[in-house]
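*Asks:* Sharing a model that was predicted from the sequence below.
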Amino acid sequence: MKVSVLASSLIGSEIIKIGNEVNEMKRKGASIANLTIGDFDANIYPIPTELKAGIVEAYNANQTNYPPADGVLPLRETVSELLKDRFGLEYNTNSILVSGGSRPLIYATYLALIDPGDTVVFPAPSWNNNHYSHLTSAKTIAVETDAEHNFMPTAAQLKPHLKGATLLALCSPLNPTGTMFDAESLAEICDAVLEENASRGADEKPLYLMYDQIYSLLTFGKEHVNPVSLRPGMRPFTVFVDGSSKCLAATGVRVGWGFGPEDIINRMKALVGHMGAWAPKAEQVAMSNYFNDKAQVDAFLISFKGQIQDSLNALYNGFNELKNEGFNVDAVEPMGAIYLTIKIDYIGKTTEDGQVLKDSADVNFYLIKEAGAALVPFSAFGNEDSMPWFRASVGACTLQDIKDMLPRIKTALSKLK
């Protein structure tokens, strides 16, 4: 059957593919610690009790009709206050757009800024920029990052690729690495963007920055930084993506918000409206009420972040112990989000039954079968499959699951020759 060129050329999510295979094995009785999907098991990490009650209350109050295209005003007012209080950012309600999670905002940013053939620059590893570029017929430049800089891109790495580009897509804390920009590194990137824009004529499209900070309230002892606070001159060129999905374990509640230059946000509003990608009205009303109580939010975040950090630290310390015992593994200290970056350098090794592990996918599926441990190789985020680095997401595992898994990984790696 004939379909569009776009539909026929779409590439499925490698993460979902791995997750589906893991779920099928679990259905057949296998015991697997699933560290693949960037989501939460709601039985381990439920949304705040007050938020849940507020959603039910809003439905009981019949808040069930279409919301305004840019989001209900009380929520946009709440977001405006939140941005000022948490990040020192001044954005009025006309510069804020609410949608059904952050994905429609990312897609709308691409649609609003990118023409077919325009160039998008993003780091590798990073989440889904290759897919959004494909959906908008953009050219892509995936800039390889390195462990030395915690897999965060540097100005020196990005600058050679900015000439003539339309969009630079960045994220901090970064999915998949759980690492973050510091102020100096991000300021240097902003300076490179400003320098590039200063070189362009008045009739040329500028270089825009999409800054995804969906994990900005999930940081561990490190300060989240943003482009506009560091370099106010970035304000006309920066579109932020943010929301409640990750900081409240509320991925299924589907309330995200973006903010930026009012003219761009207005165009994004029209795009989101045509997609019908609004957040449900009752959830918007409840989210506004919930975030209005700062003490309530802080109390939840302290408990929630502590639980996430305990799991990340257990995984990080476990891999460091393996490294100290001589195993060819490593890990990057967790800084934010729900992810740990892990190195398992066993490509080329041979299993007990004589199978050679040819790439990172082979290593991953070996660990799934032999250790009951499912990770996501960085090849799913734009890197080569010869790269021995992996993402571990702790949102769907208990601390005990992780502690139980580590000896199994040790045993499985010990069997390789």
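*Replies:* Arrived safely, thanks for sending.

*Asks:* lowest average confidence, helix or strand, in this structure?
*Replies:* helix 14-27 (a mean of 79; mean pLDDT, DSSP states H and E).

*Asks:* ok, and what's touching that helix?
*Replies:* The set of residues external to helix 14-27 that reach it, using Cβ atoms under 8 Å, 6 or more residues apart in numbering, is 32, 34, 36-38, 364-365, 368, 374, 376, 379-380. C-betas here are computed from N, CA, C, even on glycine.

*Asks:* do stretch 183-203 as well
*Replies:* By Cβ under 8 Å, 6+ apart, stretch 183-203 touches 149, 152-155, 158-159, 162-163, 165, 168, 170, 172, 181, 206-207, 209, 223, 225-227, 230-231, 233-234, 237.

*Asks:* In which helix or strand does residue 284 reside?
*Replies:* Taking DSSP states H and E as the definition, residue 284 sits inside helix 281-291.

*Asks:* Show me which positions of the following helix or strand past that helix end up buried.
*Replies:* Later in the chain than helix 281-291, the nearest helix or strand by DSSP H and E is helix 294-324. Using 16 or more other Cβ atoms under 10 Å as the test for burial, helix 294-324 gives 296-297, 300, 304-305, 307-309, 311-316, 318-319, 322.

*Asks:* how about the strands in the chain?
*Replies:* 33-34, 96-99, 119-124, 139-144, 167-171, 208-212, 238-243, 256-259, 329-332, 339-344, 373-374, 376-377, 389-393 (DSSP state E).

*Asks:* I'd like to know which of the ones you listed has the weakest mean confidence.
*Replies:* Lowest mean pLDDT within those: strand 33-34, a mean of 91.

*Asks:* Name every strand pairing with that strand and say which way it goes.
*Replies:* Strand pairing for strand 33-34, using DSSP bridges, gives strand 373-374 (parallel).

*Asks:* Pull the residues that contact the strand it pairs with.
*Replies:* 18-19, 22, 32-36, 364, 367-368, 405, 408-409, 412.

*Asks:* and which of those is nearest to residue 104?
*Replies:* residue 19 (21.8 Å; Cβ to Cβ).

*Asks:* do you know how far that closest one is from residue 197?
*Replies:* Using Cβ to Cβ, to the nearest Å, we find residue 19 at a distance of 40 Å from residue 197.

*Asks:* same check, this time on residue 106
*Replies:* 22 Å.

*Asks:* of these two, who's got more company?
*Replies:* residue 106 (25 against 17; other Cβ atoms under 10 Å).

*Asks:* how much space between the residue minimising distance to the centre of the chain and residue 116?
*Replies:* Here the mean C-alpha position of the chain is nearest to the C-alpha of residue 175 (Cα atoms, centre = their mean), at a distance of 3.8 Å. From residue 175 over to residue 116 the distance is 27 Å, taken as Cβ to Cβ.

*Asks:* just residue 208 next, same as before
*Replies:* 16 Å.

*Asks:* Residue 173 too?
*Replies:* Residue 173 is 32 Å from residue 116, by Cβ to Cβ.

*Asks:* residues near residue 267, how many?
*Replies:* The burial count for residue 267: 17, using other Cβ under 10 Å.

*Asks:* okay, now the closest residue to it other than its chain neighbours: neighbour count?
*Replies:* Closest residue to residue 267 apart from its sequence neighbours, by Cβ to Cβ, 6 or more residues apart in numbering: residue 112 at 4.6 Å. Neighbours of residue 112 under the rule other Cβ under 10 Å: 21.

*Asks:* how about residue 112, what does it touch?
*Replies:* 264, 267-268, 271.

*Asks:* Restrict stretch 320-337 to CA atoms and write it as CSV.
*Replies:* Extracted in CSV, the C-alpha atoms of stretch 320-337 (Å, rounded to 0.1, in the frame of the first residue of the first chain):
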residue,chain,number,x,y,z
ASN,A,320,32.6,2.1,40.5
GLU,A,321,33.0,-1.0,42.6
LEU,A,322,33.1,-3.2,39.5
LYS,A,323,35.6,-0.8,38.0
ASN,A,324,37.8,-1.1,41.0
GLU,A,325,37.6,-4.9,40.8
GLY,A,326,39.1,-4.7,37.3
PHE,A,327,35.9,-4.9,35.2
ASN,A,328,36.0,-2.7,32.1
VAL,A,329,33.2,-0.5,33.1
ASP,A,330,32.8,3.2,34.2
ALA,A,331,30.0,5.6,35.1
VAL,A,332,29.6,9.4,35.1
GLU,A,333,28.5,11.0,38.4
PRO,A,334,24.7,11.7,38.4
MET,A,335,23.9,15.4,38.3
GLY,A,336,20.2,15.6,37.3
ALA,A,337,17.2,13.9,35.7
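
*Asks:* May I see the buried residues of it?
*Replies:* Result for stretch 320-337 [16+ other Cβ under 10 Å]: buried residues 322, 327, 329-332, 334-337.

*Asks:* can you check stretch 363-372 too?
*Replies:* So, applying 16+ other Cβ under 10 Å, buried residues of stretch 363-372: 363-368, 370-372.
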